[in-house]
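J.: test case, fold it:
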Amino acid sequence: MRYKKINYLNKTDEDVKALIELGTYTNGLYNTIKEDELNPTYEVAENELVYSKKNSHIILGKDRFGDYKTGFGGLGYAASNAIDIVVGLASSYMPRDNKLGPTDEVGKNFFTDAARVYISQRCDIDKYFGIEEGQQYSDFGNEGVSGAAIKADCVAVIGRRNVKIKAGPVRLNIGKEKDSQGQKITDSRIELIGGNKDLEPLVLGFKLVKLLKEMQEEIQYLRGEVTNLHFKNAKLNTKLALHIHGDPFTVVTLPSPDLAAGAIIEIPQNIQNVVKGIVDKYIDKVRELNSTQIPNDADYILSRNVFTT
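T.: Below you'll find the predicted structure:
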């Protein structure tokens, strides 16, 4: 059997390169230059160094999220350096039939630009990206905090071995870490926000398992008590139906026909209730083991892949 050779290096075939050189493939096809593509021009601030290609830009400068007046750079703050990697300036602003061209200057816009990675030494990252939920920049003071953000239509974070998301200082040999402004870090949170909804705390798995096991034990106990009541009720009904006792006139009375008939009717149901109670206790115990103590079971309630503090 012959196996097809896999091009792990993803190199373009030499014949394709030759055809590109000959001009066979043009106007954007196979990553050739698209001559009729219109792109706006980035409005460069005095303190910025910009590397651009078409509508892709790496901007080295001061913190800002809009025109020259915005951000801590606009306020003239020192120690407010920023790196902005952005593609598709004014992407969602431009209508399909009226594209912006090279004569159109545009500034940064964190809402209409297609995708960006933004890193700033001093910023208000929540304000810049319109995040209103959870802790805000103002919670940390008015001098700004360092920030990094990734925004696009879809964002993927991929770790071949694992992915860690940590909020909070790390401990070093020189002591506990402070924030970028030298301030003590008193509160750290990881906030996962989907849509515009109120934040709620996550449940901790081991504590939930402990609580569920305690509840399961209580339910097992109550099931046992109900089963005992069914059993005692069955015995009582039988004794009442067959009960005889003496009196001053006839010496001994016969069992009540009504009670006897009722007991005969109820005996199968009573037996069924007792058996069902025993079976239910067994099933509950199996379910408890599957959901809280056997990690490989499909019903195990703890994730094998996601962990949190």
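J.: gap between A18 and S80?
T.: 50 Å (CB to CB, to the nearest Å). C-beta: built from backbone N, CA, C; applies to glycine.
J.: of these two, who's got more company?
T.: S80 (21 against 10; other CB atoms under 10 Å).
J.: and stretch 178-189, end to end?
T.: 15 Å (CA to CA, to the nearest Å).
J.: for burial, what's the neighbour tally of T12?
T.: Neighbour count of T12, defined by other CB under 10 Å: 11.
J.: check G175 too.
T.: That count, for G175 with other CB under 10 Å as the rule, works out to 8.
J.: can you check the one 4 residues further on too?
T.: For D179, the tally of surrounding residues (other CB under 10 Å) stands at 13.
J.: wouldn't it be in contact with V145 here?
T.: Yes. Between D179 and V145 there is a contact under CB atoms under 8 Å: 6.2 Å.
J.: where's C154, which helix or strand?
T.: For C154, there is no helix or strand it lies in under DSSP states H and E.
J.: show the contacting residues for it.
T.: By CB atoms under 8 Å, 6 or more residues apart in numbering, no residues touch C154.
J.: one more: the one 3 residues further on?
T.: V157 makes contact with V163 under the criterion CB under 8 Å, 6+ apart.
J.: repeat for Y25
T.: 16, 19, 32.
J.: mind running it again at 6 Å?
T.: 19, 32 (CB atoms under 6 Å, 6 or more residues apart in numbering).
J.: quick one, grab the pLDDT at it.
T.: Per-residue pLDDT puts Y25 at 81.
J.: now H243
T.: Reported pLDDT for H243: 60.
J.: verify the stated contact: D84 with Y118.
T.: Yes. If you go by CB atoms under 6 Å, D84 and Y118 touch, sitting 5.3 Å apart.
J.: stretch 155-173 spans what distance, first to last residue?
T.: 35 Å.
J.: and stretch 142-154, by the same measure?
T.: 31 Å.
J.: which parts of the stretch 1-150 of the chain are strands?
T.: Ranges of strands in the stretch 1-150 of the chain, per DSSP state E, counting those that start in this stretch, are 41-42, 49-53, 56-62, 81-87, 105-106, 115-123, 145-151.
J.: and those: which comes nearest G134?
T.: Closest approach to G134 among the strands of the stretch 1-150 of the chain (CB to CB): strand 145-151, 13.9 Å.
J.: got the angle for that closest one vs strand 81-87?
T.: With axes from the mean of the first three to the mean of the last three CA atoms, to 10 degrees defining the directions, strand 145-151 sits at 10 degrees from strand 81-87.
J.: give me the number of residues near the residue lying closest to G144 once chain neighbours are set aside?
T.: Distances taken as CB to CB, 6 or more residues apart in numbering place R122 nearest to G144, at 3.7 Å, with adjacent residues excluded. R122: 23 surrounding residues under other CB under 10 Å.
J.: do a quick rundown of the helices in this structure.
T.: Applying DSSP state H to the chain gives helices spanning 14-21, 71-74, 125-129, 205-242, 257-292.
J.: what's the mean pLDDT across the last one?
T.: So the one you mean is helix 257-292. Helix 257-292 comes out at a mean pLDDT of 58.
J.: cool, the second one as well?
T.: Per-residue pLDDT values over helix 71-74 give a mean of 94.
J.: wait, S80 touches K62, no?
T.: Yes. Counting by CB under 6 Å, S80 does reach K62; the two are 5.3 Å apart.
J.: okay, and the common contacts of the two?
T.: G73.
J.: ok, and the closest non-adjacent residue to I125?
T.: Spatial nearest neighbour of I125, excluding adjacent residues (CB to CB, 6+ apart): G147 at 3.5 Å.
J.: follow-up on the earlier one: surely the residue nearest to G144 meets V145?
T.: No. Applying CB under 6 Å as the test, R122 and V145 come out as separate, 7.2 Å apart.
J.: between those two, which contacts overlap?
T.: Common neighbours of R122 and V145 (CB under 6 Å, 6+ apart) do not exist.
J.: now do the same end-to-end measure for stretch 59-68.
T.: By CA to CA, the extent of stretch 59-68 from end to end equals 14 Å.
J.: likewise stretch 64-76?
T.: 11 Å.
J.: buried residues, that stretch. List them.
T.: Within stretch 64-76, the residues scored as buried using 16 or more other CB atoms under 10 Å are 64-65, 70-74.
J.: residues making contact with it?
T.: 45, 62-63, 80, 107-108, 110, 122, 128, 144.
J.: what do you get if the cut-off is 7 Å, keeping everything else the same?
T.: The contact list for stretch 64-76 (CB atoms under 7 Å, 6 or more residues apart in numbering) reads 45, 61-63, 80, 107-110, 122-123, 128, 144.
J.: can you count the residues close to G88?
T.: 19.
J.: number the chain from 277, please
T.: Got it, the first residue is 277 from now on, which makes the last one we talked about G364.
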